[in-house]
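[1] structure of the sequence below:
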Amino acid sequence: MFTPATLFRMTAESLLLAYGDLNAADAGRLDLACESLGIGVDSLMEMAGEQVARAAWMMLGEKPGAVAVVAGRGNNGGDGLVAARNLAAWGCSVRLQLVAESEELISARIAGRLSPLRVLCEQVVVAPALQLSGEHDIIIDALFGTGLKQSPRPAEASVIAWMAGSGSQVLCVDVPSGLDTTTGAWLAGKWPCQAVCCLAAAKHGVWVARDAGDLESIWVADIGVPRMVWDQLALQPPLNVVAGSLSHIPR
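    Numbering: from 1, shown residues only. Reported below is the predicted structural model:
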């Protein structure tokens, strides 16, 4: 296994072998293959959200801070809700903006994750327009995941603009919102992101953004995708994403 001390010696090719290089289609195939084995969305979401919370906690200097979580209506938003719940449990002041009406949520499972947040978080807002204000030590961007293929709607684009201009550290879940997972093209305008926590493997568009200087660092988190799933799909599993690991790769 590669260690942080060896990162400076790693070539681009070895980084891809160590941490992965998935496009949008392959990321979707992984999710479907996991479901076919009985590994449900809930299980992957819980692991993903906890890993995102761990990355945010380290960005906070491993102490409680003020956190804003911007969650969309899909699985990426569900990851953000789990991260919010964990960070609140660890003593952070957490405010949530859910950028969707309740009927837009992809399932009752994700909507149900709001219930404990009403106890743990300072504020829960379910609305199409951003209502968060004030200063935050870190913002978790859980608005869009790997499935975005076109420009966001105006309300969502305004949320991305708010995150970009907030002056806070931003940790993006899996990919920065508005970034094409496969090509690295910006679908809502380029914006400065401090870090992204890629789930299961790094995404190709994230590497492109990092190499272009649009992204400072990448976290890559193991979320429990079995080796047999990678083999079944004839995909190369990232060598360094194993056993619950959470690896930080600076630019």
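
[2] all strands of the stretch 1-150 of the chain, in order?
    For the stretch 1-150 of the chain, applying DSSP state E, counting those that start in this stretch gives strands covering 66-71, 93-98, 123-126, 138-142.

[3] same for the first one, what does it pack against?
    When you say that, I think you mean strand 66-71. Where contact means 3 or more Cβ pairs under 8 Å, 6 or more residues apart in numbering; DSSP states H and E, strand 66-71 is packed against helix 75-89, strand 93-98, strand 138-142. (Glycine included, C-beta is placed from N, CA and C.)

[4] that one pairs with which strands, parallel or anti?
    Paired neighbours of strand 66-71 in the sheet (DSSP bridges): strand 93-98 (parallel), strand 138-142 (parallel).

[5] in terms of mean pLDDT, which of those strands ranks lowest?
    For the strands paired with strand 66-71, mean pLDDT drops lowest on strand 93-98, to a mean of 87.

[6] could you pull up the contacting residues of Glu216?
    Cys193, Gln194, Ala195, Pro250, Arg251 (Cβ atoms under 8 Å, 6 or more residues apart in numbering).

[7] before we move on, the earlier item: which one of the strands paired with strand 66-71 is the most hemmed in?
    Of those, the one with the most neighbours on average (mean count of other Cβ atoms under 10 Å) is strand 138-142, at a mean of 28.

[8] quick check: angle from that strand to helix 75-89?
    For strand 138-142 against helix 75-89, the angle by axes from the mean of the first three to the mean of the last three Cα atoms, to 10 degrees is 150 degrees.

[9] just how off-centre is strand 138-142 within its chain?
    Remark: strand 138-142 is offset 8 Å from the chain centroid, using Cα atoms, centre = their mean, to the nearest Å.
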